[in-house]
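Asks: got a sequence here, can you build the structure:
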Amino acid sequence: MRSCNGNFGDAALLAQPSLPFCCNQSNRLGLSNTRPALYSCAMTSPQTDLPAPQGPRRVTARALLLGDRIDTAGLERSDTISATPLAFHAGTNGFVALYRFGVAVMIGLSPLEEDDVLGQVKLRVWGPHEHIDDETAILEISPEFDDKIPPGGAITMKDLSEQRLLVVADALAKSVSLGRDEREVNAVFDIIEPFAAQLARNGRPPWKRRSMLKLIGQTLLVQHRVSGRVAVEEKPDVLWDRPDLERLYTRLEDEYELKERGETLKHKLDTIVETTRTLTDMIDANTATRLEATIVILIVAEILLTIGQIIFWRH
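Replies: So this is what the prediction gives:
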C-alpha cells in the first residue's frame, strides 16, 4: 500500500469524512496512516460527559415535648445562634432549639445524634412527661424553591439559613405544645360533661363536697398549666431582623392552624373557668343553706328550752 504522501493516499484522505486532529498531525509528520489507523483515531476522539441533575435536599425536623419546663440557664455555647430560644449547631450539619416551655426541636440530626442531644437536655427538664409528644416535618431545600408548603407535602425552602430554621422551629414547638394542652383540656371536659348532664337531669349536684372540690382543683391546675405555657399569638423574635420571613411564618401558622387551635383552646379554658365558678357558687350555696338550717334548729331548740323552763317553774 502506498503512503499518505502519494496520490492514492491523498484520494483516500479526501474520500474519508473529516478526521480528528491527531490523524492529520500524524500525516504531516510523515507517519504511516493506513485505513485501520484512521478509524482508530476517529474512535478515540474525546467526549464530554454532561453532569447528572441533582434533586432537592431533604431534611427531617422533629419537635419533642419533654416536660413542663427546660432550664436553659448555663447552656450557652460558643456556637450559639439565639438566646431565646436557645439555639445552636449540633452533630455534623444539625440544628437544635430549646424552648423553656419544655420543647426541644432538632433539625437535620441522625438518630444517634438526636439521642446524644436528648441525653444532655433531659438533665435540665422539670416535670418530665411519661409520654413524649412529638411533631415531625420534612424540609426540602433547593435554590429554585420558594418558601411555601404544598397541601399535604413537605416544607420547601430556598436554603437552611439559621433564621429560616428558627422560624420553622418556632411553629413546630407551638404545634406540639398545643397538642398536649388540647389533650389535657379535653380530659377535664370528659369529667365535667357527666356532672353537668346529671345536674341538668336531677337539679342537684350528683357528687359529695370532696368530689366537687377535687374537680375544682383539676380545672384550676389545667387552667394554670395551659395559660402559662406558651403564647401562640406571639411571633418569633427573628422576624424583627428578617421581615422577609414573615410570609414563611404565616404559611407555617396556617399549615398547623396555630391561631385557630389557640382560639379554640382559649374558649375551652373560659368554659372551664365558668364551670369552676359555678361549682364554687354551688358549694357556697350549700354551705349557706346548712348554716341557715343550723341556726333555725338552734333557735327552735332555744325556744323549746325556754318553754320547758317556764312550765317547770310554774309547777
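Asks: okay, CA-based contacts and neighbour counts for the rest of this
Replies: Noted.
Asks: now the helices for the stretch 51-200 of the chain?
Replies: Here the stretch 51-200 of the chain has its helices, by DSSP state H, counting those that start in this stretch, at 111-121, 162-202.
Asks: between these, which one is closest to A104.
Replies: Closest approach to A104 among these (CA to CA): helix 162-202, 7.4 Å.
Asks: quick one: list the elements packing against the closest one.
Replies: Counting contacts by 3 or more CA pairs under 8 Å, 6 or more residues apart in numbering; DSSP states H and E, helix 162-202 packs against strand 57-70, strand 94-99, strand 103-107, strand 125-141, helix 209-227, helix 238-241, helix 246-255, helix 258-314.
Asks: if I look at the spatially closest residue to R180 that is not a sequence neighbour, what pLDDT would I see?
Replies: Once flanking residues are discounted, R180 sits nearest to D133: 7.1 Å by CA to CA, 6 or more residues apart in numbering. We have a pLDDT of 92 for D133.
Asks: next up, the contacts around D133.
Replies: L64, L65, L66, V176, G179, R180 (CA atoms under 8 Å, 6 or more residues apart in numbering).
Asks: turn those into TSV, columns for neighbour count.
Replies: Formatted as TSV, the contacts of D133 follow (neighbours: other CA atoms under 10 Å):
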residue	neighbour count
L64	21
L65	26
L66	25
V176	21
G179	15
R180	16
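Asks: now, the most widely separated pair of those?
Replies: So, the contacts of D133 by CA to CA: farthest apart are L66 and G179, at 12.9 Å.
Asks: what's near enough to touch the residue nearest the centre of the chain?
Replies: Nearest residue to the geometric centre of the chain (CA atoms, centre = their mean): L172, 1.9 Å. Applying CA under 8 Å, 6+ apart, we find L172 in contact with R62, A63, V105, E135, T136.
Asks: narrow these to just the buried residues.
Replies: R62, A63, V105, E135 (16 or more other CA atoms under 10 Å).
Asks: most widely separated two among the residues you listed?
Replies: Every pair of those checked by CA to CA; the farthest is V105 and E135, at 9.1 Å.
Asks: between those two, which contacts overlap?
Replies: Between them, V105 and E135 share the contacting residues R62, A63, L64, L172, judged by CA under 8 Å, 6+ apart.
Asks: ok, these vs I191, which is closest?
Replies: Checking the shared contacts of V105 and E135 against I191 by CA to CA gives L64 as the nearest, at 27.8 Å.
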